[in-house]
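Novice: Here is my input; please provide its structure:
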Amino acid sequence: MNRSICQNPEELGKLAGNEGANLIREAIQKQGYANIILATGTSQFETLKQLLAEKDIDWSKVTVFHLDEYLGLPITHPASFRKYLMERFFNHLPQLKAYHLINGEVNPEEECNRLGELISKHPIDVAFVGIGENGHLAFNDPPADFETEKPYILVDLDHACRMQQLGEGWFPSLEVVPQQAISMSIRQIMKSKAIICSVPDTRKALAIKNCVEGPITPDHPASILQSHPNYQLFLDQGSSSQLSGH
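Specialist: Numbering: from 1, shown residues only. Coordinates of the predicted model:
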């Protein structure tokens, strides 16, 4: 694991986005295309902003998947991750080769199967991810399923996860935060050739300590990233504040 501790979220986003862009360029140069995964949420604002600012990426050779989407939430809802990616990323780019978004408004088993077949044909070069306040990776809340080989799964969202979504301002009350989502599985994320993990904010500090310095355990889902051979973690002063020696 390579770890970078930045002064603020803006610096974090610039470094993470720049490194991710280099990996995308390398994949295109080597094989003629790149397959990537994008995360959403407030932790990704600056990283995605920097990706958009990067020059000399031939986006017409890039295929995008994303990590998760709420079950039953329409794309018009302010908290929809499909809406997030359209408005914050896709609408600002020239033509992509393709993007495959999770539709939480259809039969979840059929949608998981559809996406699983697609991603199995697109080995991922770079995954952009974050870590939740409860240590989740995508919507794999603790205790996460480290064993399933299914690329996408239907998951129940725990109380801490739903409170995070409320606290970030995506929903007006806890009662309306969905209780289920479709999520990319842990093993599918770990198949990525490279992982760029952006985690700003003091509210993530305990999760970072547990997932970086603790044992690899389903109780701290993102701890699994410790075992990835090409994993880069980008923190700011807040999110790194509980690490040993900080």
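Novice: Run through who's touching the biggest helix by length in the chain.
Specialist: Across the chain, the longest stretch assigned as helix under DSSP state H is helix 9-31. By C-beta atoms under 8 Å, 6 or more residues apart in numbering, the residues outside helix 9-31 that reach it are 4, 6, 33-36, 45-51, 53-54, 56-58, 61-62, 125-126, 128, 193-194, 196-198, 200-201, 232, 234-236. (C-beta placed from N, C-alpha, C; glycine too.)
Novice: For that helix, buried residues please.
Specialist: Buried residues in helix 9-31, defined by neighbour count with 16 or more other C-beta atoms under 10 Å: 9, 11-17, 19-21, 23-25, 27-28.
Novice: Could you point out the helix or strand that follows it?
Specialist: Note on helix 9-31: by DSSP states H and E, the next helix or strand toward the C-terminus is strand 34-38.
Novice: Off-centre distance for the host helix or strand of residue 87?
Specialist: Using DSSP H and E, residue 87 sits in helix 81-88. The chain centroid and the centroid of helix 81-88 are separated by 13 Å under C-alpha atoms, centre = their mean, to the nearest Å.
Novice: cool, stretch 133-148 as well?
Specialist: For stretch 133-148, the distance to the chain centre is 12 Å (C-alpha atoms, centre = their mean).
Novice: I would like the residues contacting it, please.
Specialist: Contact partners of stretch 133-148, identified using C-beta under 8 Å, 6+ apart, comprise 39, 67-68, 129, 131-132, 153, 155-158, 160-161, 163-164, 181-187, 189, 203-204, 207, 210-211, 218-225.
Novice: Next: stretch 98-115.
Specialist: Contacts for stretch 98-115 (C-beta under 8 Å, 6+ apart): 63-66, 68-75, 81-82, 85, 90, 118-119, 150-154, 180-182.
Novice: Stretch 44-60 too?
Specialist: With C-beta under 8 Å, 6+ apart as the criterion, stretch 44-60 contacts 9-10, 12-14, 16-18, 20-21, 24-25, 28, 38, 88-89, 92-97, 128, 130, 196, 198, 200, 234.
Novice: And residue 63, how far from residue 181?
Specialist: Look at residue 63 and residue 181: by C-beta to C-beta, to the nearest Å, they are 22 Å apart.
Novice: Over to residue 30?
Specialist: 34 Å.
Novice: what do you get for residue 26?
Specialist: 32 Å.
Novice: angle of the longest helix of the chain against strand 34-38?
Specialist: On the basis of axes from the mean of the first three to the mean of the last three C-alpha atoms, to 10 degrees, helix 9-31 is oriented at 150 degrees to strand 34-38.
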